[in-house]
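In: quick one: sequence plus predicted model below, questions after.
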Amino acid sequence: MSILLLKSILSIILLLLSGLAMITMFEIFGRNEKKYSVERLKVLHRINGIIYLLIFAFVSYYCLRFIIISGSELTPRGTFHSVFAISVLVLLGLKVTFIHIYRQFYGNVKTIGLLIALITFGMVGVSGGYYLLVSKFGIYKNFDGIMEYKLKRQSGILNSISGVVIKTDAESISRGKALYDQKCSFCHDPYSTEWIVGPGHKGIMKNPFLPVSKRPATAENINNQMKNPFRDMPSFSYLSDEDILNILAYLNTL
């Protein structure tokens, strides 16, 4: 199972936990005549919150690790997801603080809880929900429909590298490997074609087509994939042409 699929499944669980939190809150505060034991509902609500926090922390760790290792800028969708996640974290902190320390603000806890649940819906929708939708719950890893759409939109994008001669000197290959280890190895395996987050790169420049875009495996198209990627691969447009030439030199050895 890819890490993207695992994270997306966990995000759906977060969504269900948010729904359960709202239901227990409504049952505790929304009925004059209680249908269920208030004490049991409070225990359930507390356990639900702890599980939510643990899953939230797990998913956040992998999201932050990906950003740090790849060194990439956030896409608009990633930016929305990050804002939602930070908002949830701040609101959770306020809720716990109002319950255990500043109890004079306890009356605001219900509103904060509702906001957390609603923001979670938005957070999951732009991340896990999006991934599961376009991948048909992980069945289609290549996102064929989206790739075809993006191919039509991006077919007019010019590459900054054209007619390039692949470097074969040891220094360029060594620099390319260092860049690959820093920027690419989190998502790609250079020694096989197996998927991690993205496809493995073994033999990538010896194959007729690139594994995701299905374009010819040329230096120009690899450059374009790095700077104007298909799917959810982050953009590495901040890399210089020299950096990309060195990465190409390393890819050519795989």
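Out: Right, received. Where do you want to start? Numbering: from 1, shown residues only.
In: Ser185 versus Arg175, what's the distance?
Out: Distance, Arg175 to Ser185, using CB to CB, to the nearest Å: 15 Å. Any C-beta I mention is one placed from the backbone N, CA and C, and that applies to glycine too.
In: swap in Gly176?
Out: From Gly176 to Ser185 the distance is 12 Å (CB to CB).
In: more neighbours, the two?
Out: Set side by side, Gly176 and Ser185 show more neighbours around Gly176, with 22 against 15, by other CB atoms under 10 Å.
In: quick one: residues contacting that one.
Out: Each residue near Gly176 by CB atoms under 8 Å, 6 or more residues apart in numbering is listed here: 245-251.
In: just the closest of the residues you listed to Ser37, please.
Out: Taking CB to CB as the measure, Ser37 sits nearest to Ile247 out of the contacts of Gly176, at 61.4 Å.
In: secondary structure element holding that closest one?
Out: Ile247 is part of helix 241-251 when elements are defined by DSSP states H and E.
In: just the pLDDT for the spatially most central residue of the chain.
Out: In the chain, the C-alpha nearest the mean C-alpha coordinate belongs to Cys63, at 5.7 Å (CA atoms, centre = their mean). Cys63 is assigned a predicted lDDT (pLDDT) of 83.
In: and the strand or helix carrying it, what does it pack against?
Out: Counting by DSSP H and E, the element that carries Cys63 is helix 38-70. Counting contacts by 3 or more CB pairs under 8 Å, 6 or more residues apart in numbering; DSSP states H and E, helix 38-70 is packed against helix 3-29, helix 76-100, helix 170-183.
In: try it again at 7 Å.
Out: Counting contacts by 3 or more CB pairs under 7 Å, 6 or more residues apart in numbering; DSSP states H and E, helix 38-70 packs against helix 3-29.
In: tell me the buried residues in the helix it packs on?
Out: 4-5, 7-8, 10-11, 14-15, 17-18, 20-25, 27-28 (16 or more other CB atoms under 10 Å).
In: what mean pLDDT does stretch 171-186 have?
Out: 90.
In: next, Phe209: phi, psi?
Out: phi -130, psi 150 (degrees, to the nearest 10).
In: same deal with Trp195?
Out: Per degrees, to the nearest 10, the backbone of Trp195 is at phi -80, psi 140.
In: ok, it to Pro211 distance?
Out: According to CB to CB, Trp195 and Pro211 sit 9 Å apart.
In: quick one: buried residues of the helix holding Ile247?
Out: 243-251.
In: also stretch 212-220?
Out: 212-215, 217-220.
In: kindly report the same for stretch 191-204.
Out: By neighbour count on 16+ other CB under 10 Å, the buried set for stretch 191-204 is 195, 197-202, 204.
In: do the same with stretch 47-55
Out: Buried residues in stretch 47-55 (16+ other CB under 10 Å): 48-49, 52, 55.
In: specify which member of those is nearest to Leu133.
Out: The shortest approach to Leu133 among the buried residues of stretch 47-55 belongs to Ile55, at 20.3 Å (CB to CB).
In: for the closest one, list the residues it contacts.
Out: For Ile55, the contact set (CB atoms under 7 Å, 6 or more residues apart in numbering) comprises 10, 13-14.
In: over to Leu4?
Out: Leu4 neighbours (CB under 7 Å, 6+ apart): 131, 197.
In: please apply the same query to the one 10 residues further on.
Out: Listed by CB under 7 Å, 6+ apart, the contact partners of Leu14 are 52, 55-56, 120, 124.
In: and the pLDDT for it?
Out: 94.
In: Val43 versus that one, what's the distance?
Out: Taking CB to CB, one finds Leu14 at 20 Å from Val43.
In: could you do Val134 as well?
Out: Noted for Val134: a distance of 39 Å to Val43, by CB to CB.
In: between these two, which is the more surrounded one?
Out: Comparing Val134 with Val43 by other CB under 10 Å, the one with more neighbours is Val134, at 15 against 12.
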